[in-house]
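predicted model follows, preceded by the sequence.
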Amino acid sequence: MEDIFSRLLTLTSFISRRFVQFIEDLVSREFNIFSEHLVGISYGPNQLSSSYSNCKYDTEGCSFSSKTCNASTNLGVHGIESLDLDEEFPVYSRPGIVASNCAYRGAHSILKGLLLPLFGLRFAWRLALASWRFHFSYVRSVQIRGRRIISRVRKTLRGSSDDIGWLQCAPGMASVEDGSARFEELLQGIRDGEHKLPDSFVYLLIPGLFSNHGPLYFVSTKRFFSKMGLACHIAKIHSEASVEHNAWELKHYIEELYWGSGKRVMLLGHSKGGVDAAAALSLYWSDLKEKVAGLALVQSPYGGTPLASDILREGQIADKETRRIMEFLICKIIKGDIRALEDLTYDKRKEFITSHKLPPNIPLISFHSEASVGLGVISTMTHIAHAELPQIPFPWFTSNSGPEDVVQAARVVPVVVPVSAVMALCALHLQLRYGEKSDGLVTCRDAEVPGSVVVRPSRKLDHAWMVYSSRKEEMSGPDACEMCEALLTMLVEIGKGKKKENERSVV
């Protein structure tokens, strides 16, 4: 430690000496330049240059160098004798020249002494000016940093207040039609045993974000449709991929179903699955026009979602750190693509919808709901998967009396998580911060697609209710399978109505 301190002390003294020497050199240089300029003005440039070119003076004052002036002196004397111009042009002798030079040196020294305070004031002014410029630049940089911090704070607090419901305010967007009453009628008829869904279509269910990690996603709905003898499939896509990537995958999936069955395809997309399906129709409608009969978007953030925008918004507080955390979770742990979440932000949705609009003649349904924020949802558990326990041999299960089937069934344990409680907290957050009703992830206004028939159920449902079964079901109300059937039945009716309108317009 003492060695380090001694080195620092040595370095500090060296820097101070160099700085003092630099200041002295600067003052001396300015002084010499200014004094030479004044002397040149006083005596004239010709005499000053001739005196410096013809004679040299030593440091003691007025000793004259005869070596440098002999030639010129002899030349001047001979020239003067030959011309005989002593009276008209008097020639000064050597003592006169020395006396004049001494007088010049004395006047020069006095002038330097008189101008020294002026140089001090000039140097002090320059130091003050440099100090003022430094302080001004520092204050300005502090102001710029303060403005940036204030802008980040304002952007963070503002959040998505200006973006929620932008579809209703955007120019050129088609109006929506309320179909809630007709939906309730169809749903009640299904509960009474009236199943009108035809088998002339293939029904494709498109899962949403992170559905690959929920094995029971849409499974009960597919089983329900299959029992009615309907061709129903769940799209096998990478749910954590970007919207455009999934749109390309869905295009090929729809074409394979159409070519394999010869039937048109009815699409029902939940959450991001509805956005992916809408993107497939917007980008590849020329290829899918004869193959797709309609699209139902269930709780889909067609206009965007405030949660994705608030997480990935640039320019807010800790925006880079938040993005790195989300990239680590989605890309490293889930093995997905960060664009899957980024494509659901308001900026990306505005850019995509402005460039790629949905075809005008396609039958569309927008379904959105409001999540309950009561205390009762805290105890609600959602069944998302099954876990199979390892087989443990017991001596009393070795007989053939049938306990083996009981053991096999007991090994399958349901995996339940409090999804409804999480959705309730998210819905409460959106309601308190923005004053918007939502299902926990998607606001009601952002789920309404322009030009579609909007279904607003009276029952409060969270975002996961339509695809996962709850462990606390209300036996008196309809389940998710019946609601999906009612939506598709209504979509078939809308398609028939559009077909009749097109025939009338042609006639």
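Perfect, thanks for sending it. These numbers come from a predicted model, not from an experiment.

state the helix or strand in which residue 461 lies.
Under the assignment given by DSSP states H and E, residue 461 is not contained in any helix or strand.

please shift the residue numbers so they start at 862 in all later answers.
Noted, 862 is the first residue going forward, which turns the last one into residue 1322.

next one: phi and psi at the closest residue in space to it that isn't next to it in sequence?
Nearest non-adjacent residue to residue 1322, counting by C-beta to C-beta, 6 or more residues apart in numbering: residue 1230, 4.0 Å away. Every C-beta, even on glycine, is put in place using the N, C-alpha and C of the backbone. Here is the backbone geometry of residue 1230 (degrees, to the nearest 10): phi -140, psi 170.

centroid-nearest residue for the protein?
Residue closest to the mean C-alpha point of the chain, counted by C-alpha atoms, centre = their mean, is residue 1175 at 3.4 Å.

need the three-state assignment for it.
Here residue 1175 takes the coil state, with states given by DSSP: H, G, I helix; E, B strand; the rest coil.

check what pLDDT the residue nearest to residue 1322 gets.
What the model reports as pLDDT for residue 1230 is 93.

what segments of the stretch 1112-1261 of the chain are strands?
All strands of the stretch 1112-1261 of the chain, identified by DSSP state E, counting those that start in this stretch, fall at 1125-1131, 1153-1159, 1225-1228, 1243-1249.

that older thread, ok, now which ones touch the residue nearest to residue 1322?
For residue 1230, the contact set (C-beta atoms under 8 Å, 6 or more residues apart in numbering) comprises 1160, 1300, 1305, 1317, 1318, 1320, 1321, 1322, 1323, 1326.

how about residue 1327?
Residue 1327 makes contacts with 1131, 1159, 1160, 1341, 1344, 1345, as judged by C-beta under 8 Å, 6+ apart.

need the residues you listed in a markdown table with pLDDT, can you?
Listed next are those as a markdown table, based on pLDDT from 0 to 100:
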| residue | pLDDT |
| --- | --- |
| 1131 | 95 |
| 1159 | 96 |
| 1160 | 95 |
| 1341 | 90 |
| 1344 | 93 |
| 1345 | 94 |
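
buried among those? Make that a ChimeraX selection.
Here is the ChimeraX command that selects only those of those that count as buried (16 or more other C-beta atoms under 10 Å):
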select :1131,1159,1160,1341,1344,1345
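
pretty sure residue 1124 sits against residue 1062.
Yes - at 5.6 Å, residue 1124 and residue 1062 qualify as touching, with contact defined as C-beta atoms under 8 Å.

sorry, back to before: any idea which of the strands of the stretch 1112-1261 of the chain gets closest to residue 1025?
Among those, strand 1225-1228 comes nearest to residue 1025, with 15.8 Å by C-beta to C-beta.

need the residues that contact the closest one.
1037, 1040, 1155-1161, 1163, 1219, 1308-1310, 1312-1316, 1318, 1348, 1351-1352, 1355.

and those residues, which of them are buried?
For those, buried by 16+ other C-beta under 10 Å: 1037, 1040, 1155-1161, 1163, 1219, 1308-1310, 1312-1316, 1318, 1348, 1351-1352, 1355.

OK, contacts around the spatially closest residue to residue 1111 that is not a sequence neighbour?
In space, and not counting its chain neighbours, residue 1111 is closest to residue 1141: 4.3 Å by C-beta to C-beta, 6+ apart. Residues in contact with residue 1141, defined by C-beta under 8 Å, 6+ apart, are 1107, 1108, 1109, 1111, 1112, 1115, 1149.

7 Å instead, please
Residue 1141 makes contact with 1108, 1111, 1112, 1149, according to C-beta atoms under 7 Å, 6 or more residues apart in numbering.

touching, residue 1164 and residue 1210? I think so.
Yes - at 5.7 Å, residue 1164 and residue 1210 qualify as touching, with contact defined as C-beta atoms under 7 Å.

for these two, indicate the residue with more neighbours.
Neighbours per residue, other C-beta atoms under 10 Å: of residue 1164 and residue 1210, the larger number sits with residue 1164, 27 against 24.

that one: what's it in contact with?
Counted by C-beta under 7 Å, 6+ apart, residue 1164 has contacts 1027, 1028, 1210, 1307.

residues touching the nearest residue to it once chain neighbours are set aside, list them.
Excluding its sequence neighbours, the residue lying closest to residue 1164 (C-beta to C-beta, 6+ apart) is residue 1307, at 3.9 Å. When contacts are counted by C-beta under 7 Å, 6+ apart, residue 1307 touches 1025, 1026, 1162, 1163, 1164, 1165, 1166.

re the thing from before, dump the strands of the stretch 1112-1261 of the chain to CSV, plus distance to residue 1082.
Listed next are the strands of the stretch 1112-1261 of the chain as CSV, based on distance: least, C-beta to C-beta, whole Å:
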stretch, distance to residue 1082
strand 1125-1131, 9
strand 1153-1159, 11
strand 1225-1228, 14
strand 1243-1249, 14
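
to residue 1048, which of those strands lies closest?
Using C-beta to C-beta, the strands of the stretch 1112-1261 of the chain put strand 1225-1228 closest to residue 1048, at 11.6 Å.

pull up the pairing partners for that closest one, direction included.
According to DSSP bridges, strand 1225-1228 forms sheet pairs with strand 1153-1159 (parallel), strand 1314-1316 (parallel).

would you format the ones you listed as JSON lines with distance to residue 1180 included?
Converted to JSON lines, the strands paired with strand 1225-1228 look like this (distance: least, C-beta to C-beta, whole Å):
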{"stretch": "strand 1153-1159", "distance to residue 1180": "30"}
{"stretch": "strand 1314-1316", "distance to residue 1180": "34"}
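
got a pLDDT number for the residue nearest to the centre of the chain?
90.

and for residue 1195?
Looking at residue 1195, its pLDDT is 82.

try the one 5 residues further on
In this model, residue 1200 is scored at 92, pLDDT.

residue 929 now?
38.

before we move on, what about residue 1259?
On pLDDT, residue 1259 comes in at 46.

now do the one 4 residues further on
Here the pLDDT value assigned to residue 1263 is 49.

lowest average confidence, helix or strand, in the chain?
Of the helices and strands making up the chain, the lowest-confidence element is helix 927-944, at a mean of 38, by mean pLDDT, DSSP states H and E.

residue 1324: what secondary structure?
Assigned by three-state DSSP, the conformation of residue 1324 is coil.

state the distance from it to residue 1173.
With the distance defined as C-beta to C-beta, to the nearest Å, residue 1324 ends up 19 Å from residue 1173.

the two: who's more crowded?
Neighbours per residue (other C-beta under 10 Å) separate residue 1324 from residue 1173, with residue 1324 holding more: 27 against 20.

from residue 1281, how far out is residue 1235?
As for residue 1235, its distance to residue 1281 is 11 Å (criterion: C-beta to C-beta).

out of the two, which sits in the busier spot?
residue 1281 (27 against 9).

name the SS class of that one, please.
Looking at residue 1281 with three-state DSSP, the answer is helix.

let me know the pLDDT of it.
pLDDT, read off for residue 1281, is 81.

does it touch residue 1321 like I think?
No - with contact defined as C-beta under 7 Å, residue 1281 does not reach residue 1321; the gap is 10.6 Å.

count the residues that sit near residue 1057.
14.

now it, nearest residue through space, not along the chain?
Nearest residue to residue 1057 in three dimensions, chain neighbours excluded: residue 1350, at 5.3 Å (C-beta to C-beta, 6+ apart).

burial count for the one you found?
Neighbour tally, residue 1350, other C-beta under 10 Å: 20.

just the buried positions in the strand or helix carrying it, please.
Per DSSP H and E, residue 1350 falls inside helix 1341-1367. Within helix 1341-1367, the residues scored as buried using 16+ other C-beta under 10 Å are 1341-1356, 1359.
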